[in-house]
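1. With the input below, show me the fold.
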Amino acid sequence: MIQVTRKTSISLCMIVRNEEKNIKKCLSSVRALVDEIVVVDTGSSDNTKEIAREFGAKIFSAAWEGDFAKARNISLEKATKDWILVLDADELISPKDHKKIVEFLSQTDAVGVALITRNYTPDSRAAGWKSVEGDEYAESQGWVGWYENFKIRLFRNNPKVKFSGKVHESVRDSLKSLGKIVALNVPVHHYGYFDKQSMASKGKVYEKLGAEKLNESNDWRACYELGRQCLHNGEVERALELFARATELNPNDFKSWFMLGSAYLLSNANDALDKAIEALNASLKINPNYNATYTNIGIAYAKQGKTKRAIEFFKKSISLNNKDANAYKNLGICYQSIGERGKAREAFERALELNPSLKGKIKLD
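-> Model (predicted):
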């Protein structure tokens, strides 16, 4: 274990319910990093609390009121250290990153720190998906790949800092007035998307809370979040309405345009492909470096029979992310459709190298 001289202290704050399968691994991963563990349990009927006690956690019970922010704020009130780290039970931080985190917190003048969340999933259609091939972290071994996003995970312990939002809760709004928020290139390893049964049961709950949040706030981010949840739940038309509304409320968010275009790819409307390309191009104008946008434009052109144009976009996507199995798979399909069997085989083989779970979905000539 790497030892570091501490100039600051950290409280881990968690909310949990029936997490006996996950919480031990989570707490083991940060035991040497944090100085205090605060766990707010919202009604576990398994051994979650008993396992947390083994790690010396301070455990508090709170009735679940259908509000993630409210539950998380209870945990913040119980924290006593300089900084707060927020994790869920199905997340880990590699011990190899402990020193980096402690040294950074000891030197920074920021009030909040965003870390990279690696969402592990075998579904290489996920936007920004990357294969685990060649990855340096032991925590990724045995998995297939991930897509990532930044979340504020660390922030100074200040009574003015509060979570807001019944779902997809964040401290962003309360931190803005207190100082700067910076990013640190350290991943949080998230494994929850492999539990399909759990994700399915949570999906409708998140949608209900997301709708309540939107009714209360009516802002673009709430539209975007609810749109993503509706799309995940298979409600394409409702998702389209929400993403369109998000782009109206904030025309400068590239991901809202990206999700609008991506949802059109799943729509049965006659002009859906043209609208998909239009929205995705709007996303590119804001952020030309997001490889998944090029992949989805390529898919739209391929569906329109514009194969050579589609190939150009798949190649561009791969130039930005050469670990995207979905881009290689679609490139292979295009080459196959125009009789370029050698190039198709090469693309398919690379897709299978990056994501072996595609075996059976790809036919090699």
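
2. from here on, contacts and neighbour counts on C-alpha atoms
-> Will do.

3. need the contact list for H168.
-> H168 is in contact with F68, E225, counting by C-alpha atoms under 8 Å, 6 or more residues apart in numbering.

4. A helix includes it, no?
-> No. Under DSSP: H, G, I helix; E, B strand; the rest coil, H168 falls outside any helix and is assigned coil.

5. ok, so what distance separates it from P288?
-> To P288, H168 is 27 Å away according to C-alpha to C-alpha, to the nearest Å.

6. Can you show me the strands along the protein?
-> Secondary structure of the chain by DSSP state E: the strands cover 10-16, 36-41, 58-61, 83-86, 91-92, 112-120, 130-131, 145-156, 181-190.

7. helices or strands next to the third one in the packing?
-> Same thing as strand 58-61. When contacts are defined as 3 or more C-alpha pairs under 8 Å, 6 or more residues apart in numbering; DSSP states H and E, strand 58-61 packs onto strand 36-41, helix 48-54.

8. Quick one: closest of the strands of the chain to R228.
-> Nearest of those to R228, taken as C-alpha to C-alpha: strand 145-156 at 14.2 Å.

9. Quick one: residues in contact with that closest one.
-> Counting by C-alpha under 8 Å, 6+ apart, residues outside strand 145-156 touching it are 82-87, 111-122, 124, 126-132, 170-172, 183, 355.

10. try 7 Å this time
-> With C-alpha atoms under 7 Å, 6 or more residues apart in numbering as the contact definition, strand 145-156 has outside contacts at 82-86, 111-122, 126-132.

11. Packing partners of the longest helix along the chain?
-> With secondary structure taken from DSSP state H, the chain has its longest helix at helix 196-217. Applying 3 or more C-alpha pairs under 7 Å, 6 or more residues apart in numbering; DSSP states H and E, one finds that helix 196-217 contacts helix 220-232.

12. and the angle from the helix it packs on to helix 196-217?
-> 150 degrees (axes from the mean of the first three to the mean of the last three C-alpha atoms, to 10 degrees).

13. residues in contact with V132?
-> S140, V144, G145.

14. For A292, see how far away it is.
-> Distance, V132 to A292, by C-alpha to C-alpha: 17 Å.

15. How confident was the prediction at the residue nearest to I93 when sequence neighbours are not counted?
-> Closest residue to I93 apart from its sequence neighbours, by C-alpha to C-alpha, 6 or more residues apart in numbering: V188 at 5.2 Å. Looking at V188, its pLDDT reads 98.

16. ditto for G203
-> pLDDT recorded at G203 is 83.

17. Tell me, how many residues neighbour it?
-> By other C-alpha atoms under 10 Å, the residues close to G203 number 15.

18. how close does it get to K151?
-> Distance of G203 to K151, given as C-alpha to C-alpha: 20 Å.

19. which of the residues in the longest helix of the chain are buried?
-> Y206, E207, K208, L209, G210, A211, E212, K213, L214 (16 or more other C-alpha atoms under 10 Å).

20. can I get these in a markdown table with pLDDT?
-> Compiled in a markdown table, the buried residues of helix 196-217 are given as follows (pLDDT from 0 to 100):
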| residue | pLDDT |
| --- | --- |
| Y206 | 88 |
| E207 | 90 |
| K208 | 91 |
| L209 | 89 |
| G210 | 90 |
| A211 | 90 |
| E212 | 89 |
| K213 | 92 |
| L214 | 91 |
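
21. Closest one of these to I297?
-> Looking across the buried residues of helix 196-217 and measuring by C-alpha to C-alpha, the closest to I297 is E207, at 27.7 Å.
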